[in-house]
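Student: Predicted model, plus sequence, below.
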Amino acid sequence: MISVTGSIPASELIVVGRNLNGHVGTNVDGYDGVHRGYGFGERNAGGELILEFCDAMELIVTNTCFKRQRNKLASYVSDGAVSAIDYLLLRGCD
């Protein structure tokens, strides 16, 4: 995915939207350029990979840019499991 994303010209819009199956969490922890602090829950290894990818490709995790009500943060709720795993990744300028 990095080779494909890295070859897209800056004049083109990049939108990555899907269930990336990782948790970026609430803490920014050095990812200031890609994470704005309004995530959900705790970061896991998959979330770390998402943030590293965004950092390398100069993308942002848009779901962490806007403060929302706590009951609207989760994208998946089932049998007591609550998580946010659906993300939109965009270039910061977009």
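Tutor: Looks like it arrived, so ask away.

Student: all helices of this protein, in order?
Tutor: Assigned by DSSP state H, the helices in the chain fall at 2-6, 45-57.

Student: Out of those, which is the most enclosed?
Tutor: helix 45-57 (a mean of 17; mean count of other CB atoms under 10 Å). For glycine as for every other residue, the C-beta is placed from the backbone atoms N, C-alpha and C.

Student: what packs against it?
Tutor: helix 2-6, strand 59-61, strand 86-91 (3 or more CB pairs under 8 Å, 6 or more residues apart in numbering; DSSP states H and E).

Student: tell me the mean pLDDT for that helix?
Tutor: Mean per-residue pLDDT for helix 45-57: 92.

Student: Could you give the separation of that helix from the chain centroid?
Tutor: 8 Å (CA atoms, centre = their mean, to the nearest Å).

Student: What of stretch 58-72?
Tutor: On CA atoms, centre = their mean, the centre of stretch 58-72 falls 8 Å from that of its chain.

Student: about what we covered before: out of the helices and strands packed on helix 45-57, which is closest to Ile14?
Tutor: Taking CB to CB, strand 86-91 is the member of these nearest to Ile14, at 5.7 Å.

Student: check contacts around the residue positioned nearest the centre of the chain.
Tutor: By CA atoms, centre = their mean, the chain has its centre lying nearest to Val61, at 3.3 Å. By CB atoms under 8 Å, 6 or more residues apart in numbering, Val61 lies in contact with 24, 34-36, 39, 50-51, 54, 87-89.
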